[in-house]
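S.K.: would you be able to build a 3D model of this:
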Amino acid sequence: NNAAEDSNDQSTLESTPSNTTSSGTSNELAIIRLNIQCEKLKSQLHELTANFNESQAAEKHAYDERDKYLKIYARTHERFIVFEKKQLEQMRRLLTVLTTDQYKFVTEIIGLKERSADSSQQQQQQSDTSSSIVDDTSSSIVDDSQSKEFSQDAKTTDKDDDTKLSAARYHKTES
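M.R.: Down below sits the predicted model:
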């Protein structure tokens, strides 16, 4: 029995070093494989962290740019509104000035027309009295001369009106 046990022990002893060697190598290989996987995971984690940080930096930069352009837009919009208000106020003032000038021109035109109408009525009355004194032929000569004077007065008035209107237009375009 002892001899059988000794042979079993020897076979066990002989197989044990090879088992220990093979299990040690397999453990070392497993550790190496795990280390390789761990290194791959670490590099992936490092790469993902770098991408994430880069993405966050780009997002922060984009938000900063957006905020900058919103501020620029707000300032520009505010300046534009102020400018538009000033322009509208200036246009109102110009229109008020023009309407005042136009009112003056209209009153002058009406005044000239009334004066010319008054003078034509006086001339008409004078011609009526002279026509009763002078015969029909002489009254027609007087009427012709008066109508020429009246037409010359009307032409002068029209020229004055045209001059004033063109001055008003020029003033309006200058403004």
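
S.K.: from here on, contacts and neighbour counts on C-alpha atoms
M.R.: Noted.

S.K.: longest helix of this protein?
M.R.: Across the chain, the longest stretch assigned as helix under DSSP state H is helix 2-133.

S.K.: what is that one packed up against?
M.R.: Packing partners of helix 2-133 (3 or more CA pairs under 8 Å, 6 or more residues apart in numbering; DSSP states H and E): helix 136-174.

S.K.: quick revisit: any idea of the mean pLDDT for the longest helix of the chain?
M.R.: Helix 2-133 shows a mean pLDDT of 80.

S.K.: burial count for residue 112?
M.R.: Residue 112: 18 surrounding residues under other CA atoms under 10 Å.

S.K.: repeat that for the one 5 residues further on.
M.R.: By the other CA under 10 Å criterion, the neighbourhood of residue 117 contains 14 residues.

S.K.: could we number from 24 for the rest of this?
M.R.: Sounds good: first residue 24 from here, last item residue 140.

S.K.: do you know how far it is from residue 96?
M.R.: Applying CA to CA, to the nearest Å, the value for residue 140 to residue 96 is 63 Å.
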